[in-house]
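# Using only what follows, build the 3D model:
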Amino acid sequence: MVTVKSSQKIFTDEETSRLTGICLEHLHGVARTKHLGSVVRAAGGQTERRLFTNADLSVLAVLQPRCEH
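Residues are numbered from 1 along each chain as shown. Predicted coordinates for the structure are as follows:
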C-alpha cells in the first residue's frame, strides 16, 4: 500500500521509486513494458524522465515487489 497526500496528483520517477520501494532501473523497466507514466524529455537534452499518477503508483505497487538491493 502506498500512502500519499491527496492534493498531489503527479509524481516524478524519484518520488515514485521512494514511495514504492522499487529501484529506478526496475521502475523504468516496468513502466516501459506496461506503458505506465508519461515520458518527459528535457529541452535540448537527452535526459528522459517519467511522471506518474496515483493510479500508476497503485498498479506499480501491485505488479512489482520492493527491491532488496
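# what about the longest strand seen in the chain, average pLDDT?
Ordering each strand of the chain by length in residues (DSSP state E) puts strand 48-53 first. On average, the pLDDT along strand 48-53 is 88.
# so what does it touch, helix or strand wise?
Applying 3 or more C-beta pairs under 8 Å, 6 or more residues apart in numbering; DSSP states H and E, we find strand 48-53 packed against strand 10-12, helix 13-20, helix 24-34, strand 38-41. All C-beta spots, glycine's among them, are computed from the backbone N, C-alpha and C.
# repeat that for 10 Å
Applying 3 or more C-beta pairs under 10 Å, 6 or more residues apart in numbering; DSSP states H and E, one finds that strand 48-53 makes contact with strand 10-12, helix 13-20, helix 24-34, strand 38-41, helix 54-63.
# What pairs with it, parallel or antiparallel?
Neighbouring strands of strand 48-53 in its sheet, by DSSP bridges, are strand 10-12 (antiparallel), strand 38-41 (antiparallel).
# what about the chain, any weak spots by pLDDT?
Along the chain, segments meeting pLDDT under 70 span 1-2, 45.
# change it to 90
Along the chain, segments meeting pLDDT under 90 span 1-9, 19-20, 39-50, 58, 61, 63-66, 68-69.
# follow-up on the earlier one: from the strands paired with strand 48-53, which stretch is densest packed?
Using mean count of other C-beta atoms under 10 Å, the stretch among the strands paired with strand 48-53 with the largest mean neighbour count is strand 10-12, at a mean of 16.
# who's in contact with it?
By C-beta atoms under 10 Å, 6 or more residues apart in numbering, the residues outside strand 10-12 that reach it are 2, 4, 17-20, 37-38, 40, 49-54, 56-57.
# now do stretch 41-59
1-2, 4, 6, 8-17, 19-20, 24, 27-28, 30-32, 34-40, 60.
# what's the closest of the strands paired with strand 48-53 to E68?
Closest of the strands paired with strand 48-53 to E68 is strand 10-12, at 22.4 Å (criterion: C-beta to C-beta).
# No further questions, thank you.
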